[in-house]
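Chemist: coords please:
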Amino acid sequence: MPHLKQRHPYGWRCFIWSDPKEVRVTVTCQPSYAIAYLALAADEEVYIERESMASCSDGVSLSAGFGGDGIGKALVRKYLGREPMIFSRVHAAIESAWAAVAPAYPGDIEVIELGPNESLLTKDGSLLAYSRGISTGVAFSGLRTTVMHEGMTMLTLEGPGTVVLSAYGAVENFDLEPGQSLVVDTGHIVAFGTSVTYDVGPLGSITRSVATGEGMVARFTGPGRVITQSRAEQNLREWLIPTTTQNTGR
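Modeler: Now for the predicted structure:
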């Protein structure tokens, strides 16, 4: 039985993986400073965001690549999807070798298993890691997918395989029934299923949106899953680097 014994700040923590999956993900330190441990079968590999690896076991090698896709898809992902062209490739030489990955922002991690031909749309910057078998692309449906609040672009992920997403703040999951709607500020979107329909625009009139500072929102209609985050990166950036308007109050 594959076994990993990890020294943990709060004592000894043991992870045991006994199923035959190629990639097994265990998330710890939730929800504020989550970290994902990716345990791999022998000769298996995963792709992780550059500079995201926090630690790893023996038997792991790291190299740069196009994330399992060709250079064409990597170029589309970089210049149209605002995602890195280069991903780090983690390869396991032995059974249950592992790598731990951490997001850039404090917050939670969501692990999603996609079946064959099952797809997910995720916001640029939310993809932390994915297994071999996942195909990436960029969604094109006019301005609603390519230009949102903060210039958000949607990346498509198609299974089968495992996807690891990061969020700024806590993760919320909404399972919408057919015809059920949900309105989300675009800065709080993490991902949603392709069965969900959506429209993007101001909440009410443009004048009201400017006055309230709410900006653009997305209205989702089920059936399907919508994943949100409790904080927005744009708000953090504006707090760290205030604009002239914020400083003067004008």
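Chemist: can you list contacts of stretch 105-112?
Modeler: 25, 27, 30-36, 103, 120, 128, 162-171, 173, 190-191, 227, 229, 231, 233, 236 (Cβ atoms under 8 Å, 6 or more residues apart in numbering). All C-beta spots, glycine's among them, are computed from the backbone N, C-alpha and C.
Chemist: following the helix-or-strand element of the chain with minimal mean pLDDT, which helix or strand shows up next?
Modeler: One helix or strand of the chain scores below all others by mean pLDDT, DSSP states H and E: strand 11-16, with a mean of 43. As assigned by DSSP states H and E, the chain's next helix or strand after strand 11-16 is strand 23-28.
Chemist: Which of the residues in that following strand are classified as buried?
Modeler: 23-26 (16 or more other Cβ atoms under 10 Å).
Chemist: so can I have a markdown table of those showing distance to R89 and pLDDT?
Modeler: Shown next, in a markdown table, are the buried residues of strand 23-28 (distance: Cβ to Cβ, whole Å; pLDDT from 0 to 100):
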| residue | distance to R89 | pLDDT |
| --- | --- | --- |
| V23 | 13 | 89 |
| R24 | 18 | 93 |
| V25 | 17 | 95 |
| T26 | 21 | 95 |
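Chemist: Which one of those is nearest to G179?
Modeler: Using Cβ to Cβ, V25 comes nearest to G179 of those, at 33.2 Å.
Chemist: right, and that closest one touches I35 too?
Modeler: No - counting by Cβ atoms under 8 Å, V25 does not reach I35; the two are 10.8 Å apart.
Chemist: Check which residues of stretch 104-118 are buried.
Modeler: For stretch 104-118, by 16+ other Cβ under 10 Å, it's 106-112, 114, 118.
Chemist: Many thanks, I have nothing further to ask.
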